[in-house]
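[1] Please find the sequence and the predicted model below.
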Amino acid sequence: MVILVILPSLMVAGTSHDTNQTVALVALVAALFTLAEYNSAYPSLVEFRYAPPFNRLRYIVLFLMVFSMAMIAKGKTDPSTMTDLFSMFGARLADVMDFPYSPVRLVVLMLPDNAPGRLVWDVRTAAGLSYLISLVGLIAFILILRIRAWPSQGGGAFNVWVNLPTFDPTAGGDVVHRLERDSNINLILGFLLPFMIPAIVKLASSVFDPISLANSHTLIWTMTAWAFLPASLIMRGIALGRLAQMIAAQRERAYMQESDEAEPSVV
């Protein structure tokens with residue numbers, strides 16, 4: 001977590017002293033929270049901490065987003081073959097993904113009309129690259145779900161209390177129905193957020209000053225949040241739907257076993 005948070009500050013030149021101090025504080029808080037969460041016997045917020053590789057995959061997706069956009073930002077002041085490769089790949093990718101009504105096009109349209117061309121190119125490239133990484137992460141999670149039979153690939157029982165600390169099975173109502181409802185909500189939000197966020201920012205810009213994406217750090221973290229949050233919600237929705245299927249299948253097996261035991265034996 002520390003490496004993830006401080007990565008843009010280490011790679012992007014011209015980072016101010018105040019920014020470095022803020023980044024160091026955020027990195028320290030993130031490290032302490034992760035350390036305390038994974039070493040505590042009683043979970044608090046982190047979900048699926050004993051159902052790998054759910055959180056590992058999300059971290060890899062987040063790291064790749066930050067690293068790739070930091071490489072492009074580094075190429076502005078300290079160009080190299082690697083930074084040029086990332087910039088060229090991001091630009092070509094943005095050309096493919098920037099079509100009418102696409103999330104990348106909506107991100108570009110949220111910029112003010114007088115935005116400089118260089119800023120439009122930066123936002124467009126960052127949006128296309130981060131969105132592709134999120135899609136690749138989703139595909140990887142679906143493949144893991146199918147191939148490794150997640151989350152039961154280890155052969156052990158799935159502990160709902162440890163892996164879903166924010167979900168109370170005793171809160172009322174059928175557990176399967178509640179898991180399916182939460183799964184559908186996460187899937188819908190994850191699909192709509194890439195389209196809704198640019199529209200909300202565009203509407204709010206007439207009342208409030210929009211966030212300046214000309215700053216490299218702001219651009220990196222804004223585009224990361226825009227692409228990672230929907231992907232994370234979709235992954236969570238898929239995971240909850242998978243748990244609902246497992247519980248329903250286990251109930252069906254238990255009912256069939258009880259019915260078999262209740263049948264009188266024929267002599």
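    Looks like it arrived, so ask away.

[2] low pLDDT regions in the stretch 101-250 of the chain?
    Per-residue confidence of the stretch 101-250 of the chain (counting by pLDDT under 70) places the weak regions at 153-156, 206-211.

[3] Which residue ranges of it form helices?
    Counting by DSSP state H, counting those that start in this stretch, the stretch 101-250 of the chain has these helices, from start to end: 103-109, 117-147, 160-163, 175-204, 216-262.

[4] Give me the helices and strands touching the last one, please.
    Here helix 216-262 is seen to pack against helix 2-11, helix 54-77, helix 117-147, helix 175-204 when contacts are counted using 3 or more C-beta pairs under 8 Å, 6 or more residues apart in numbering; DSSP states H and E. Placement of C-beta: from N, CA and C, glycine included.

[5] Pull out the buried residues from the longest one.
    Judged by neighbour count (16 or more other C-beta atoms under 10 Å), helix 117-147 contains these buried residues: 122-134, 137-138, 141, 144-145.

[6] how far away is L192 from P103?
    From L192 across to P103, the span is 10 Å (C-beta to C-beta, to the nearest Å).

[7] The two: who's more crowded?
    In this view L192 and P103 are compared by other C-beta atoms under 10 Å, and P103 has more residues nearby, 22 against 12.

[8] just checking, the more buried one touches A127?
    Yes: judged on C-beta atoms under 8 Å, P103 makes contact with A127 at a distance of 7.2 Å.

[9] Common neighbours of these two, please.
    M97 (C-beta atoms under 8 Å, 6 or more residues apart in numbering).

[10] Please give the number of neighbouring residues around the residue lying closest to F48 once chain neighbours are set aside.
    Taking C-beta to C-beta, 6 or more residues apart in numbering as the measure, F48 lies nearest to F54, with 4.1 Å between them; neighbours along the chain are not counted. Here the neighbour count serves as a burial measure; for F54 (other C-beta under 10 Å) it reads 22.

[11] now the helices and strands packed on helix 216-262 in a markdown table, with distance to F86?
    Putting those into a markdown table (distance: least, C-beta to C-beta, whole Å) gives the following:
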| stretch | distance to F86 |
| --- | --- |
| helix 2-11 | 11 |
| helix 54-77 | 4 |
| helix 117-147 | 8 |
| helix 175-204 | 22 |
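
[12] of all the helices of the stretch 101-250 of the chain, which lies closest to T22?
    Evaluated over the helices of the stretch 101-250 of the chain, closeness to T22 peaks at helix 216-262, with 9.7 Å, by C-beta to C-beta.

[13] tell me the angle of that closest one relative to helix 117-147?
    On the basis of axes from the mean of the first three to the mean of the last three C-alpha atoms, to 10 degrees, helix 216-262 is oriented at 20 degrees to helix 117-147.
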